[in-house]
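Trainee: Quick check, what structure comes out for this input:
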Amino acid sequence: MRKTLALITLSQLFFPLSTFAATQLDNDPAALMCFPFMLIFPILYFFIWIIIMAVSLGGFVLWILMLIDLMRRDVKDFPPGQSDPKLIWLLLILLTSYLGALIYYIMVYRKHGKAK
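Mentor: Purely as a prediction, here's the structure:
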């Protein structure tokens with residue numbers, strides 16, 4: 001009984017999803033087997049959330065930097081064969097967000113360096 005109360009208290013303080021498993025420990029042995037997994041999933045969810053936020057923030061920073069670089073760059077620095085390269089690249093970056101910024105980075109920024 002003490003073990004069950006201790007697990008219930010810990011689960012309610014730190015992991016609300018595991019409360020069900022902790023309350024069923026005395027009655028159902030399957031709940032005892034599920035309890036560690038119910039502790040792991042919120043932790044994994046937290047780390048996945050952190051990774052998604054870091055990638056999103058990095059993509060946003062790349063997007064802003066590539067827009068600034070586009071505005072500062074001369075027309076001669078763009079790949080040849082385009083009628084109005086700045087407008088085309090601006091539309092590509094604005095409409096496709098992170099993907100457009102990544103394409104711009106690979107095709108223009110890496111080849112010609114930072115705009116002056």
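
Trainee: Only C-alpha atoms from now on, for both contacts and neighbour counts.
Mentor: Noted.

Trainee: sec struct for residue 43, please.
Mentor: At residue 43 the chain is in helix, as set by DSSP: H, G, I helix; E, B strand; the rest coil.

Trainee: tell me the domain ranges of this protein?
Mentor: The chain breaks down into these domains under automatic domain parsing: 2-47, 56-112.

Trainee: Least confident of those, on average?
Mentor: Across these, domain 2-47 has the smallest mean pLDDT, namely a mean of 62.

Trainee: And for stretch 83-102, what's in contact with it?
Mentor: 59-60, 62-63, 66-67, 70-71, 75, 78, 104 (C-alpha atoms under 8 Å, 6 or more residues apart in numbering).

Trainee: of those residues, buried ones?
Mentor: 59, 62-63, 66-67, 70, 78, 104 (16 or more other C-alpha atoms under 10 Å).
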